[in-house]
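Undergrad: A structural model of the following input is requested.
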Amino acid sequence: MRSPRELFRSITEIRERESDRLFMMAGYLMLIITCYTITKAVRDSLFIVAVGPSQLPYLYILSALCMGVVSAIYPHALRRIGLYSVIRLTSLIAISNLLAFWWLTERPGVLWFYVLYVWVSLFGAITASGPGLSPLTFLMPERRVDPLRGSDLVGWWEGLSEAG
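TA: Modelled structure (predicted):
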């Protein structure tokens, strides 16, 4: 009888030197998705209580426009400063913005609720589900995604993360 570790390795084709990175990135991705889920729930409740649901259609349009701008800028930043730097910078900006919003939501006015709503939408799109920006693709460059190979570790992991 095989151990659970051997069974898991045979199913996922994890190489010996990749297991540490895989579990670190699984933890990273779990924290990102948890943070996004919590901030999304807080964003929705704060906005609906403070502003009201009648403004939501405008926010959807504003979020889409902002995402269009970010989608146009992001590839240029990737080419210019590299993937490692973009992800590090994105993480630092996200952390600092979360702390700023924590402070700003207690201030008078509803502008901050609009900004928070759009920012959380961008945060989710950039960090949790950015196309080709799965943490595994930059930590395991020797095993890039190959959609034609169903046994590839990164493709398998991204398939699970997208299904969840």
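
Undergrad: which residue ranges form the helices in this protein?
TA: Taking DSSP state H as the criterion, the chain carries its helices at 4-12, 19-50, 56-81, 83-104, 111-123, 135-139, 153-163.

Undergrad: can you put the ones you listed in CSV and add mean pLDDT and mean neighbour count?
TA: From N, CA and C alone the C-beta is placed, and that goes for glycine too. CSV is the format used below for the helices of the chain (pLDDT from 0 to 100; neighbours: other Cβ atoms under 10 Å):
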stretch, mean pLDDT, mean neighbour count
helix 4-12, 75, 11
helix 19-50, 85, 15
helix 56-81, 87, 12
helix 83-104, 84, 14
helix 111-123, 89, 19
helix 135-139, 45, 19
helix 153-163, 47, 16
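
Undergrad: Ser10 reaches Ser3, doesn't it?
TA: No - using Cβ atoms under 8 Å as the test, Ser10 is too far from Ser3 to be in contact (10.6 Å).

Undergrad: For those two, list the residues in contact with both.
TA: With Cβ atoms under 8 Å, 6 or more residues apart in numbering applied, the contact sets of Ser10 and Ser3 do not overlap.

Undergrad: Give me the phi and psi for Ser3.
TA: Main-chain torsions, Ser3, degrees, to the nearest 10: phi -70, psi 160.

Undergrad: For burial, what's the neighbour tally of it?
TA: Close neighbours of Ser3, defined as other Cβ atoms under 10 Å, add up to 8.

Undergrad: how close does it get to Arg9?
TA: To Arg9, Ser3 is 9 Å away according to Cβ to Cβ, to the nearest Å.

Undergrad: Now do the shared contacts for the two.
TA: Residues touching both Ser3 and Arg9 (Cβ under 8 Å, 6+ apart): there are none.
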